[in-house]
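Student: structure of the sequence below:
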Amino acid sequence: MSELNGNEFSTLERLRKARQELNFESGSFAGRLPLEMNEYDLAPGQESLWFVHEAQGAGASFNIGAAFALDGPLDVSSLFRSVDTITRRHEPLRTCFPATREGPKQRVMPCGPPLVQTAVKPQELDMHLQRCLSEPFEIGDTVPVRWRLFRLAENKHVLLLAVHHLVSDGWSLSVLCNELADHYNAGGDDGRPDMLFRYLDYAHLAKSATASKEIRDQVDVLAGRLKHVPDSVLVPGQQVTRSGFSGKSVRCEIDEGCAHKLRSLAVSQGTTLYTVLLAAVGTLLMRCGGASEMTVGSPVADRNWPGVQKLIGCFLNTLALPLNLSGVQSFRDTVDAAKEATGLALACAGAPYDAVLAKVRPGRAVTDPGLFRTMLIFQNTPPAPMKLDGLSVNRIDLESPGAKTDLRVGLEKPSTITVPCKSPCDQANVGDDDPSL
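Tutor: Predicted coordinates:
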């Protein structure tokens with residue numbers, strides 16, 4: 001297998017050095033934007049989501065959320081104040097995304113949607129949770145955020161936050177829950193200072209960076225490799241005919257013993273567990289679809305910028321991993337091929353997916369599947385628990401309301417490995433006991 005060349009490594013290193021030269025955390029950098037502006041640029045990852053959302057029409061496939069069961073004497077007033085505080089501090093929680101003559105923009109509103117309290121019967125809770133999560137957002141003129149507090153009994157509540165992906169990513173939900181807990185435990189506001197570096201500033205700088213030579217070089221390198229990869233292979237069974245975006249999920253768990261063997265294999269190959277799992281997905285696609293070359297999508301958090309670790313917002317970029325399994329003789333060879341694909345993609349992690357796609361497939365329709373039909377999502381750290389004084393807090397698992405690709409393989413938990421697979425179910429013959437998944 002070939003190695004990454006020096007130019008590919010130096011491109012990423014130059015970008016890192018350029019970012020480090022900006023003193024974001026002091027708030028003294030030239031890119032800081034005044035809040036008095038009416039409209040702001042979207043980050044590159046947001047632009048991609050915005051155009052796909054508009055092409056699909058009203059739908060909930062990009063809705064994400066978090067829910068918690070709160071048992072004990074809840075201070076409702078403190079919770080209301082905490083929601084107000086965190087909404088004031090993080091402008092994405094009060095931002096809508098209108099279309100303008102200059103393209104899609106972020107428009108920050110004076111306030112965000114309030115926390116709404118509703119009394120529900122315990123047996124109806126799941127219905128209310130799923131309804132709130134799966135109801136589409138009108139992103140153009142309303143803030144795509146939904147706060148709900150369901151009262152089941154005097155000392156039993158469920159808190160739900162549902163947002164559009166334009167507002168938040170998975171990392172941001174953890175940031176939000178931790179900060180919300182701090183505010184609640186302080187009576188509604190823990191007194192921390194306002195953000196010096198905000199999501200709006202990140203979006204402006206990230207979009208400006210796409211015009212830099214460093215990013216253009218990354219786009220050219222990755223697009224050059226992807227041009228030689230055939231069109232996306234079909235998912236197992238080749239039975240998926242998409243007419244919408246609803247999906248069916250199947251979950252399985254790899255036990256601790258097998259998970260340990262996978263980690264040992266990764267160490268012996270000088271790589272990561274993610275790479276071994278990518279190799280497994282590639283093997284599945286090759287056996288089911290018949291192609292030895294394929295592209296697998298994988299989201300990454302663009303949080304290499306200093307000062308963004310505690311921000312709420314959409315920091316996602318999607319990497320297209322070109323996987324070439326032709327000539328492999330063993331699974332170790334497949335891991336080596338996955339290692340090469342992962343190294344290339346990470347060296348070009350700053351390349352916006354849409355820019356790469358435009359180079360590889362110019363003139364494509366927004367509704368086309370793009371460079372891949374299968375997505376691999378690796379959650380290598382479990383969500384941090386939310387700790388509220390005087391309450392027992394337990395996270396509630398939520399089912400994603402839509403399928404964004406023909407097959408999405410998610411990998412969760414560090415000790416055992418949970419594999420939730422999701423595929424469109426409009427025309428797909430996929431059941432809980434389907435051996436293809």
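Student: now the residue nearest to Ala223 when sequence neighbours are not counted: how far from Phe372?
Tutor: Of all residues not flanking Ala223 in the chain, Lys359 sits nearest, at 3.7 Å (Cβ to Cβ, 6 or more residues apart in numbering). To be clear about C-beta, it is placed using only N, CA and C from the backbone, and glycine gets the same treatment. Distance, Lys359 to Phe372, by Cβ to Cβ, to the nearest Å: 15 Å.
Student: check His128 too.
Tutor: His128 is 35 Å from Phe372, by Cβ to Cβ.
Student: between these two, which is the more surrounded one?
Tutor: A side-by-side neighbour count of His128 and Phe372, using other Cβ atoms under 10 Å, places Phe372 first with 27 against 16.
Student: ok, the more buried one touching Ala320?
Tutor: Yes. Between Phe372 and Ala320 there is a contact at 6.0 Å, judged by Cβ atoms under 8 Å.
Student: now list whatever residues contact both of these two.
Tutor: Residues touching both Phe372 and Ala320 by Cβ atoms under 8 Å, 6 or more residues apart in numbering: 295-297.
Student: those into CSV, with extra columns for distance to Thr271, pLDDT and neighbour count?
Tutor: Below are the shared contacts of Phe372 and Ala320 laid out as CSV (distance: Cβ to Cβ, whole Å; pLDDT from 0 to 100; neighbours: other Cβ atoms under 10 Å):
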residue, distance to Thr271, pLDDT, neighbour count
Thr295, 19, 91, 24
Val296, 16, 92, 27
Gly297, 19, 91, 23
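Student: so what does the helix or strand harbouring Leu160 touch, helix or strand wise?
Tutor: Secondary structure assignment for Leu160, by DSSP states H and E: strand 156-164. The contact analysis (3 or more Cβ pairs under 8 Å, 6 or more residues apart in numbering; DSSP states H and E) places strand 156-164 against strand 63-71, helix 125-134, strand 145-153.
Student: in the helix or strand following that strand, what's buried?
Tutor: The helix or strand immediately downstream of strand 156-164 is helix 170-185, counting by DSSP H and E. Neighbour counts over helix 170-185 (16 or more other Cβ atoms under 10 Å) mark 171-177, 179-185 as buried.
Student: how about stretch 375-386: buried residues?
Tutor: Residues 375-376, 378, 386 are the ones in stretch 375-386 that count as buried (16+ other Cβ under 10 Å).
Student: please tell me how far the most centrally placed residue in the chain sits from Gly410.
Tutor: Residue closest to the mean C-alpha point of the chain, counted by Cα atoms, centre = their mean, is Asp169 at 4.8 Å. The spacing between Asp169 and Gly410, counted by Cβ to Cβ, is 14 Å.
Student: go ahead and confirm Leu265 touches Val276.
Tutor: Yes. Between Leu265 and Val276 a contact is recorded at 5.6 Å, counting by Cβ under 8 Å.
Student: what touches both of those two?
Tutor: Val335.
Student: more crowded one of those two?
Tutor: Just comparing Leu265 and Val276: by other Cβ under 10 Å the higher neighbour count belongs to Val276, 23 against 17.
Student: in space, what's closest to that one - neighbours in sequence excluded?
Tutor: Ala266 (4.8 Å).
Student: with Pro98 instead?
Tutor: Pro98 sits nearest to Gly140 (Cβ to Cβ, 6+ apart), 4.7 Å away.
Student: coming back round to it: next one: the residue nearest to the centre of the chain from Phe62, what distance?
Tutor: Separation of Asp169 from Phe62 (Cβ to Cβ): 11 Å.
Student: Ala69 now?
Tutor: In terms of Cβ to Cβ, Ala69 sits 25 Å off from Phe62.
Student: host element of Lys261?
Tutor: Applying DSSP H and E, one finds Lys261 within helix 256-268.
Student: cool, Glu399 as well?
Tutor: Glu399 belongs to no helix or strand, assigned by DSSP H and E.
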